[in-house]
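Visitor: Kindly generate the corresponding structure for this input.
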Amino acid sequence: MTTLKEEPGPGAEGGGPDQAFAGQTSVPARRGRRAALTRLTRLVRQHWIFASALAVAVLPRLVAMIGFQPAMLFQLDTYDYLWGAVHVSPNVVNPSGYSLFLWLLRPFHSLLLVVFLQHLLGLGIATAVYALARHYGLPAWGATLAAAPVLFDPRQILVEQFVMADLLAMALMVGAFAILLLRWPPSMGQVVTAGLMTGASVTVRPTTVPLVLLFPLFLLLRRAGWRKAGASLLAGVIPVVGYMSWFAAVHGSFNLTNSNGMFLWSRTMSFANCAVIGPPADLRALCPDAQPGYLAQPDPSRRLQPKRYLWSHSTWPWRQKPSGLVPDTAAFTRASNARALSFAIMAIEAQPFSYIGVVAKDSARPLVTTASNLRFPTVQPHVSAPVRANQRYEIASVRDYLSSGGQGGAGDLGHAYGTRLESPYVSLMNSYQDIVFLPGQVFALIMLTGLAGIILPRRRTAVAALLWVSAVILIVLPIAEHEYTYRYVLPAVPLACIATAIALRKPGHEAARA
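Guide: Purely as a prediction, here's the structure:
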C-alpha cells in the first residue's frame, strides 16, 4: 500500500553555513533545496488524486479571502477574541486559547494573515483525513473522497474565514488523532504530543474535554501500557489545569469560564416546567414563565431558541450595567454562573426525560436536514441597533489589534458577519455554496457507515470506535450544553469520515487491526 512516507532523495545533505560571498547560495543549500523539491515531486506523483483535489480546494478559499475582507467577524465573539489578544486575560464567556493564538500573530497587525493561516490549517485537516484513510487501507480515490467534505464544503471554508476559535480547535483535535494513530504501537512521544494537543484544544473550545479521557482509555483498551496511558492523561490535563489556574487567579473561580452554568440554564428553557421542578424562592426568577415579554412562553413546544434567553438583555443576568468597555462582564459573573448552574441541575434532575428528548431531537437535526443558516453573506451587512450598542467595544477591539486608526474597523462591522464584500467574488461564492455542500442525509450515511465499523464483527476495530464515539460526543455535547448550530457539528465531520473509511477498508488490513 502506498503511504505518505517516502525515502530520502539522492544528494540530500544537510545545509551548512553560508560560503563564499554574501548573497551567494552555498552548494549544500542548493542541493538540499533540489532534494526537497525531488521529494515533493515524488510525493505529488504518488498521491496525484489527492494532490489534484487539494489544488482545486485552494480556489474557493482564494475567492473567500478576496471576496470577504478582511475576514468574517462573527457577532460579538470575534471582538472578544481580538480584545483578549491585545488585553491578555481569560475571557468570562469563552476560553481564551484562541486569543493567545491571535496574540502570537499580533505583531503582523493583519486579519488577512489570520484567515490565510486558518485556510492552511483547513487544508492540513483534509490532509490528515487522507493520510489516516490511506494508512488504514483505503485506495487513493477512496481516501480523497473521505477528505472531500473538509476540502470543499462551503461551511467548512466559512469557518476558516471566521476570526473564531472553531477552526483552531478542530485542527488541534484532528492533529492529535493523526499523531496518535498513524503509527502503532505509538511511542511515548506520540502519546504525549497527542495529549498536549488535545488539552490545548480544550482551552480553545471546551467541547473537546472528553477526549482528554478517551485517549488514555483507548490506550489501555489497546494494551499500549499504563505508562503511555498515564502520560497521555497527564499531558492532556496539564494545559487544562494550567488555564483553569490562570482563570482562578484573575476571576476567583477554578473554571474555564463563568458561562457553563449560564449556557446550561438556557438549554433548560427548552423544556423546564417550574411546577414540576419546584425551585426555591431565590431561583424562581430563572423559570421560563418569569422571563420578560415574549420569552415567557408556557408551552415548551413554542419557546424560542436557548440563545434568545441567554443573550436577551432584558433577562435576569443582564440587570446590571457593565462597568467598563467590555459588555459581557456584568452578566457572566461567578455568582450568576453558579446560580444558573443550580437551576439547570435541578431542572434536569426533575425532568430527565424532557432534557434527553430535546437533546436527542436537536442531535438528529444535522442528520436529517441540511443546515441553511451557516452561509457566506450575499448582501453587504449594515450596522444594526444591537450592534450599535456595543460598537465602541467592537471598533476598539479591531483598532487595537491592527494598531491603526481604524483600518478594517468601523466600516467592517455588521449585524451578523462584519466584513467588506467585494464583487464579483461574492457572486461566485454564492453560486458555489448553492451547488457544493454536504447534505444532511449524506452525513447521516457517513455516520451509519462508521457505526458499522463498531458493530459488524469483520469490520470492528478499536480505532473506528474511538473516532466514531468522539464524533458523536462532539455533536451531542454542545447541544446538551446549549443548543444546535451546524458550526458545532463541523469538527465531528473529519472524524466521522475517517471512521467510515476504516469501516470500508479491505478486511484483514494490517493497520486496521490495530
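
Visitor: and residue 71, that's in a helix?
Guide: No. With DSSP: H, G, I helix; E, B strand; the rest coil as the criterion, residue 71 is assigned strand and is not in a helix.

Visitor: so what's residue 126 up against?
Guide: 54, 57, 147, 150, 151, 494 (CB atoms under 8 Å, 6 or more residues apart in numbering). No exception for glycine: its C-beta is placed from N, CA and C like everyone else's.

Visitor: ok, it to residue 144 distance?
Guide: Computed as CB to CB, to the nearest Å, the residue 126 to residue 144 distance reads 9 Å.

Visitor: again with residue 495
Guide: Where residue 144 is concerned, residue 495 sits at a distance of 17 Å (CB to CB).

Visitor: of the two, who's got more company?
Guide: The residue with more neighbours, out of residue 495 and residue 144, is residue 495; 27 against 24, by other CB atoms under 10 Å.

Visitor: Please identify the helix or strand for the residue nearest to residue 460 when sequence neighbours are not counted.
Guide: In space, and not counting its chain neighbours, residue 460 is closest to residue 454: 6.0 Å by CB to CB, 6 or more residues apart in numbering. Residue 454 belongs to helix 440-455 when assigned by DSSP states H and E.

Visitor: Show the secondary-structure elements that whichever helix or strand comes after that helix is packed against.
Guide: Where DSSP H and E defines the elements, the next helix or strand beyond helix 440-455 is helix 462-481. Other helices and strands packing on helix 462-481, by 3 or more CB pairs under 8 Å, 6 or more residues apart in numbering; DSSP states H and E, are helix 166-181, helix 209-221, helix 260-268, helix 352-368, helix 440-455, helix 486-489, helix 492-503.

Visitor: could you dump the longest one to PDB, C-alpha only?
Guide: Right, the one you point to is helix 352-368. Output of helix 352-368 as PDB, limited to C-alpha atoms (Å, rounded to 0.1, in the frame of the first residue of the first chain):
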ATOM      1  CA  PRO A 352     -34.500  14.000  32.900                       C
ATOM      2  CA  PHE A 353     -36.600  12.600  30.000                       C
ATOM      3  CA  SER A 354     -37.600  16.000  28.800                       C
ATOM      4  CA  TYR A 355     -34.000  17.000  28.800                       C
ATOM      5  CA  ILE A 356     -32.900  13.800  26.900                       C
ATOM      6  CA  GLY A 357     -35.800  14.400  24.500                       C
ATOM      7  CA  VAL A 358     -34.700  17.900  23.400                       C
ATOM      8  CA  VAL A 359     -31.100  16.900  23.200                       C
ATOM      9  CA  ALA A 360     -31.900  13.900  21.100                       C
ATOM     10  CA  LYS A 361     -34.200  15.900  18.800                       C
ATOM     11  CA  ASP A 362     -31.600  18.600  18.200                       C
ATOM     12  CA  SER A 363     -28.800  16.000  17.800                       C
ATOM     13  CA  ALA A 364     -30.700  14.400  14.900                       C
ATOM     14  CA  ARG A 365     -31.100  17.600  13.000                       C
ATOM     15  CA  PRO A 366     -27.700  17.600  11.200                       C
ATOM     16  CA  LEU A 367     -28.500  14.100  10.000                       C
ATOM     17  CA  VAL A 368     -32.000  14.800   8.600                       C
END
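
Visitor: which of the residues in that helix are buried?
Guide: 354, 355, 358, 359, 362, 363, 365, 366, 367 (16 or more other CB atoms under 10 Å).

Visitor: what sits against the third one?
Guide: The one in question is residue 358. 267, 270, 271.

Visitor: Swap in 10 Å and give it another go.
Guide: 267-271, 300, 303, 306, 351, 479-480, 483-484 (CB atoms under 10 Å, 6 or more residues apart in numbering).

Visitor: Tell me where the model's unsure across the stretch 301-450 of the chain.
Guide: For the stretch 301-450 of the chain, residues meeting the criterion pLDDT under 70 lie at 382-389, 404-416.

Visitor: Show me where the stretch 101-250 of the chain has its strands.
Guide: Taking DSSP state E, counting those that start in this stretch as the criterion, the stretch 101-250 of the chain carries no strands.

Visitor: Tell me where the model's unsure across it.
Guide: Ranges of the stretch 101-250 of the chain meeting pLDDT under 70: none found.

Visitor: Number of residues surrounding the residue nearest to residue 366 when sequence neighbours are not counted?
Guide: Nearest residue to residue 366 in three dimensions, chain neighbours excluded: residue 489, at 4.6 Å (CB to CB, 6+ apart). Neighbour count of residue 489, defined by other CB under 10 Å: 25.

Visitor: so what sits against both of residue 126 and residue 144?
Guide: By CB under 10 Å, 6+ apart, the residues touching both residue 126 and residue 144 are 50, 53, 54, 151.

Visitor: SS state for the second one?
Guide: By that I understand residue 53. helix.

Visitor: Quick check: the residue lying closest to it once chain neighbours are set aside vs residue 137, distance?
Guide: Distances taken as CB to CB, 6+ apart put residue 144 closest to residue 53, at 5.2 Å, once the chain neighbours are dropped. Remark: distance between residue 144 and residue 137 (CB to CB) = 14 Å.

Visitor: In a markdown table: the helices and strands packed on helix 462-481, plus distance to residue 424.
Guide: Formatted as a markdown table, the helices and strands packed on helix 462-481 follow (distance: least, CB to CB, whole Å):
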| stretch | distance to residue 424 |
| --- | --- |
| helix 166-181 | 26 |
| helix 209-221 | 42 |
| helix 260-268 | 40 |
| helix 352-368 | 32 |
| helix 440-455 | 30 |
| helix 486-489 | 27 |
| helix 492-503 | 29 |
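
Visitor: closest one to residue 420 among those?
Guide: Closest to residue 420 of the helices and strands packed on helix 462-481 is helix 166-181 (CB to CB; 20.7 Å).

Visitor: ok, the nearest residue to residue 362 once chain neighbours are set aside to residue 358 distance?
Guide: Closest residue in space to residue 362, ignoring its immediate chain neighbours: residue 484 at 3.9 Å, by CB to CB, 6+ apart. To residue 358, residue 484 is 10 Å away according to CB to CB.

Visitor: so what sits against both of these two?
Guide: residue 306.

Visitor: you'd agree residue 241 is up against residue 235?
Guide: No. Using CB atoms under 10 Å, residue 241 is not in contact with residue 235; the gap is 11.4 Å.

Visitor: got any residues that touch both of these two?
Guide: residue 199.

Visitor: Comparing the two, which shows the higher neighbour count?
Guide: Set residue 241 next to residue 235 and count neighbours by other CB under 10 Å: residue 235 wins out with 22 against 13.

Visitor: ok, that one - contacts?
Guide: 191-200, 212, 215-216.

Visitor: Got a ChimeraX select line for the buried ones in the residues you listed?
Guide: Selection of buried members from those for ChimeraX, criterion 16+ other CB under 10 Å:
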select :191,192,193,194,195,196,197,198,199,200,212,215,216
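
Visitor: List phi and psi for residue 504.
Guide: Note on residue 504: its backbone torsions stand at phi -100, psi 0 [degrees, to the nearest 10].

Visitor: Model confidence score at it, please.
Guide: As predicted, residue 504 sits at a pLDDT of 83.

Visitor: Does it touch residue 133 like I think?
Guide: Yes. Residue 504 is within contact range of residue 133, at 9.1 Å (criterion: CB under 10 Å).

Visitor: anything in contact with each of the two?
Guide: 142, 145, 146.

Visitor: Export the residues you listed to JSON lines and append columns for neighbour count.
Guide: As requested, the shared contacts of residue 504 and residue 133 are exported to JSON lines (neighbours: other CB atoms under 10 Å):
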{"residue": "142", "neighbour count": "17"}
{"residue": "145", "neighbour count": "21"}
{"residue": "146", "neighbour count": "27"}
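
Visitor: just checking, which of those residues belong to helices?
Guide: 142, 145, 146 (DSSP state H).

Visitor: Give me the more crowded residue out of residue 504 and residue 133.
Guide: residue 133 (26 against 19).

Visitor: residue contacts, the more buried one?
Guide: Neighbours of residue 133 in contact, by CB under 10 Å, 6+ apart: 50, 139-140, 142-147, 497-498, 500-502, 504-505.
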